[in-house]
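**Student:** the following block contains a protein sequence and its predicted model.
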Amino acid sequence: MSAVLKEILKTDSIIRLIGNTPLIKLNKFPGLSTDKQIFIKAEWFNPGGSIKDRAALCMIEEGIKSGRLSRDKIIMDSSSGNTAIAYAMIGAALGFEVELVTPENINIERKKTLQAYGAKIIYSSPFEGSDGAILEARKLAKEYPDKYFMPDQYNNISNPLAHFKSTGPEIWEQTNGEVTHFISGIGTSGTVMGAGEFLKTKNSNIQVIGVQPDDPLHGLEGLKHIPSSIKPGIYDESRLDILFSANTEESYKIMEKLVNLEGMFVGHSGGAVVLSALKIINEVEQANIVCVIPDGGYRYLSGGVWW
């Protein structure tokens, strides 16, 4: 085992706080009852502020174990926000330089957070979104293979593996095996693919639901409209029981209700995921639905939703 890997496995590092997030029951939304329950997997409790901490750590650990990531290389990948922050946080904790390719129009909260962690930001076209950042990162990795370690979060099997090994088992244990529906947004798709696969191994009747925006021109940061985007290599729609398309405005309304009714300040995709859960509640007689909420709403304060 390398010295770097030993460093990663130190129990006193902040990265040891990744995972083991709480499961919180919703109480005040209409339609809920003892037979129809919705639980929130509160991923904003991760030290980097989002569920992406899990995948980023797993991909970095795999890079070190395989020898692809060494002290003389820079961690570089494309991200529109949360994974970028996860890389930057873990890089700062472990002493790796980090460069992130991100669309120029990401919000000020994310820019300032990345700068605070000491990461270098490489801007891609604001008109090409996350796909433009992906293409630019691939170009840099190809041109400078000795300089960069690119985890490639959209195609790295360690992304869903992180959720197969942690998110899924946590949900199974926290619900005492009584989860009936598992819902997660689709960005890289790592969460829904990995945790969904694990839960299916425990009970094949569990419904796995992926959530995407209902339109290519949407306002749900962190989610991909799959038909109009570069399809992640780790995504397999056949492994979903339901693919739900969420409307931006309706998702924003659920975000506001989560704050006003439950005191939960969540991000855009969190509203979309709970929106899908509320629609399922109206269609079934019994359900224990687990919704993965990837981040908190404080990362979207400048986006115009809250003013």
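**Tutor:** Looks like it came in fine. Remember, it's a predicted structure, so these values are computed and weren't measured experimentally.
**Student:** pull out the buried positions in the particular helix or strand that has Lys200 in it.
**Tutor:** Taking DSSP states H and E as the criterion, Lys200 maps to helix 190-202. Using 16 or more other CB atoms under 10 Å as the test for burial, helix 190-202 gives Gly190, Thr191, Val192, Met193, Gly194, Ala195, Gly196, Glu197, Phe198, Leu199, Lys200. The way it works is simple: take the backbone N, C-alpha and C, and place the C-beta from them, glycine included.
**Student:** and those as a markdown table, adding pLDDT?
**Tutor:** Below are these laid out as a markdown table (pLDDT from 0 to 100):
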| residue | pLDDT |
| --- | --- |
| Gly190 | 97 |
| Thr191 | 98 |
| Val192 | 98 |
| Met193 | 98 |
| Gly194 | 98 |
| Ala195 | 98 |
| Gly196 | 98 |
| Glu197 | 98 |
| Phe198 | 98 |
| Leu199 | 98 |
| Lys200 | 98 |
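**Student:** re earlier: give me the contact list for the helix holding Lys200.
**Tutor:** Under the contact criterion CB atoms under 8 Å, 6 or more residues apart in numbering, helix 190-202 has outside partners 51, 55, 153, 159-165, 167-169, 171-172, 177, 179, 182, 184-186, 206, 208-210, 234-236, 239-240, 292, 294.
**Student:** report the angle between the axes of the very next helix or strand once past it and helix 190-202?
**Tutor:** Toward the C-terminus, helix 190-202 is succeeded by strand 207-213 as the next helix or strand (DSSP H and E). Angle, strand 207-213 to helix 190-202, by axes from the mean of the first three to the mean of the last three CA atoms, to 10 degrees: 170 degrees.
**Student:** that older thread, ok, of the buried residues of helix 190-202, which one's closest to Ile230?
**Tutor:** Comparing the buried residues of helix 190-202 against Ile230 with CB to CB places Gly190 closest, at 15.0 Å.
**Student:** any idea how far that closest one is from Ala55?
**Tutor:** 5 Å (CB to CB, to the nearest Å).
**Student:** quick one: common contacting residues for the two?
**Tutor:** Between them, Gly190 and Ala55 share the contacting residues Gln153, Asn159, Ala162, His163, judged by CB under 8 Å, 6+ apart.
**Student:** quick one, phi/psi of the first one?
**Tutor:** In other words, Gln153. Here is the backbone geometry of Gln153 (degrees, to the nearest 10): phi -60, psi -20.
**Student:** one more: the second one?
**Tutor:** Backbone geometry at Asn159, expressed as degrees, to the nearest 10, gives phi -70, psi -60.
**Student:** give the contact list for it.
**Tutor:** By CB under 8 Å, 6+ apart, the contact list for Asn159 reads Ala55, Cys58, Met59, Gln153, Thr188, Gly190, Gly194, Ile234.
**Student:** highest neighbour count among those residues?
**Tutor:** Gly190 (32 neighbours; other CB atoms under 10 Å).
**Student:** so what pLDDT did Arg158 get?
**Tutor:** For the record, residue 158 is Ser, not Arg. For Ser158, the pLDDT comes out at 98.
**Student:** ok, now how distant is it from Asn260?
**Tutor:** 38 Å.
**Student:** compare those two (neighbour count), which wins?
**Tutor:** More crowded of Ser158 and Asn260, by other CB under 10 Å: Ser158, with 24 against 10.
**Student:** who's in contact with that one?
**Tutor:** Ala55, Cys58, Met59, Glu61, Glu62, Pro151.
**Student:** give me the nearest residue to the last one, chain neighbours excluded.
**Tutor:** Translated: Pro151. Spatially, and ignoring its direct neighbours in sequence, Pro151 is nearest to Met59 (3.9 Å; CB to CB, 6 or more residues apart in numbering).
**Student:** Ile40 in helix, strand or coil?
**Tutor:** strand (DSSP: H, G, I helix; E, B strand; the rest coil).
**Student:** residues contacting it?
**Tutor:** By CB under 8 Å, 6+ apart, the contact list for Ile40 reads Leu23, Ile24, Lys25, Leu26, Met264, Val274, Cys291, Ile293.
**Student:** quick check: closest non-adjacent residue to it.
**Tutor:** Leaving aside its sequence neighbours, Ile40 sits nearest to Ile24 (CB to CB, 6+ apart; 4.6 Å).
**Student:** before we move on, which element is that neighbour in?
**Tutor:** Assigned by DSSP H and E, Ile24 belongs to strand 23-25.
**Student:** all set, thanks.
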